[in-house]
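Trainee: sequence and predicted structure are below.
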Amino acid sequence: PKGVMIDHRGAVNTIADINQRFQVGADDRIFGVSSFGFDLSVYDIFGAGEAGATLVYPTPEQALNPAHWLDLLEREQVSIWNSAPPLAALMVDAAENRGVQLPHLRLVLLSGDWIPIDLPDRIRRIAPAAQVISLGGATEASIWSIIYPVERVDPSRPSIPYGYPMRNQSWFVLDHEGRPVPEWVPGELYIGGIGLALGYWRDPEKTAASFIAHPRIGERIYRTGDIGRYLPDGAIEFLGRRDFQVKIHGH
């Protein structure tokens, strides 16, 4: 995606980390609701393959029909849902309208967009066994590199925390001079670790601008263009973009 040259070790690390953390195995059924042009589909395909799990897809004619999703979730006893939050909200809407419970759904992975504050609790009401997990990162860093298990949600908070670095990944919140910022102080988010891409295909200027050396420790890091801050427990909170990037259909 986006002409990014990925080092396969980062993607393998991310997939293995998720599957090991949540004991994804041959008994699981993963619902593939994301299109192949969206990078979340990487976990659907290769996560299922790595774990020996079953991958369930909607029929092409009804790929965007939440009622059809719900029929498959029930019939196939799907245990893992992986999508951007808006698609999960559509699925929950359909379940609430139909009065359906999803007892087999044990893991809900949400990434790629803001998670509405009320969505995790709505998911748990229709799927009482579900763990709700917030994930984040960038295609340039093997898609996922930060994680936050969503437990009790404080309704007074503006958002659900972005989270903590995943295994073999690193995150930094730096000021405009490359210095780490204190708790609560906004700074730019940078990603390091094994997940970093090799660069942009045939675009050395863009690669040099986005993949830089950490000014203090020299580690190669990726400039995300996102703004965030540290919370007192060490988690990172996402605050938005430093530019005016607009995302349309995942692009």
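Mentor: Looks like it arrived, so ask away. Numbers count the residues shown, from 1 in each chain.
Trainee: could you check how far A51 is from D28?
Mentor: 6 Å (C-beta to C-beta, to the nearest Å). Every C-beta, even on glycine, is put in place using the N, C-alpha and C of the backbone.
Trainee: try L231
Mentor: L231 is 32 Å from D28, where distance means C-beta to C-beta.
Trainee: the two: which is more packed in?
Mentor: In this view L231 and D28 are compared by other C-beta atoms under 10 Å, and D28 has more residues nearby, 23 against 14.
Trainee: for the more buried one, give its distance to L198.
Mentor: From D28 across to L198, the span is 32 Å (C-beta to C-beta).
Trainee: again, but for G234
Mentor: With distances taken as C-beta to C-beta, G234 is found 30 Å from L198.
Trainee: check F211 too.
Mentor: Distance, F211 to L198, using C-beta to C-beta: 9 Å.
Trainee: ok, these two, which is more surrounded?
Mentor: Set side by side, F211 and L198 show more neighbours around F211, with 17 against 13, by other C-beta under 10 Å.
Trainee: residues contacting R202?
Mentor: R202 makes contacts with G3, as judged by C-beta atoms under 8 Å, 6 or more residues apart in numbering.
Trainee: hang on, G47 in a strand?
Mentor: No: in this structure, G47 is helix, not part of a strand, as judged by DSSP: H, G, I helix; E, B strand; the rest coil.
Trainee: three-state assignment of S159?
Mentor: With three-state DSSP as the basis, S159 sits in coil.
Trainee: make 54 the starting number, not 1.
Mentor: Yes, from this point I'll number from 54; that puts the last item at S212.
Trainee: end-to-end on stretch 271-289?
Mentor: 22 Å (C-alpha to C-alpha, to the nearest Å).
Trainee: give the rounded mean pLDDT of it.
Mentor: Taken as a whole, stretch 271-289 has a mean pLDDT of 95.
Trainee: in it, what's buried?
Mentor: Buried residues in stretch 271-289, counted by 16 or more other C-beta atoms under 10 Å: I274, Y275, R276, T277, D279, I280, G281, R282, Y283, A288, I289.
Trainee: which parts of stretch 205-220 are buried?
Mentor: V206, I213, P214, Y215, G216, P218, M219, R220.
Trainee: list the contacts of the closest residue to the fifth one other than its chain neighbours.
Mentor: This means G216. Nearest residue to G216, sequence neighbours excluded (C-beta to C-beta, 6 or more residues apart in numbering): Y201, at 2.9 Å. Residues counted as contacts of Y201 (C-beta under 8 Å, 6+ apart) are I186, S187, L188, I213, P214, Y215, G216, Y217, A288.
Trainee: among the residues you listed, which are located in helices?
Mentor: Assigned to helices by DSSP state H, none of the contacts of Y201 qualify.
Trainee: turn those residues into CSV, columns for distance to D228.
Mentor: Below are the contacts of Y201 laid out as CSV (distance: C-beta to C-beta, whole Å):
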residue, distance to D228
I186, 30
S187, 25
L188, 26
I213, 25
P214, 20
Y215, 18
G216, 21
Y217, 21
A288, 19
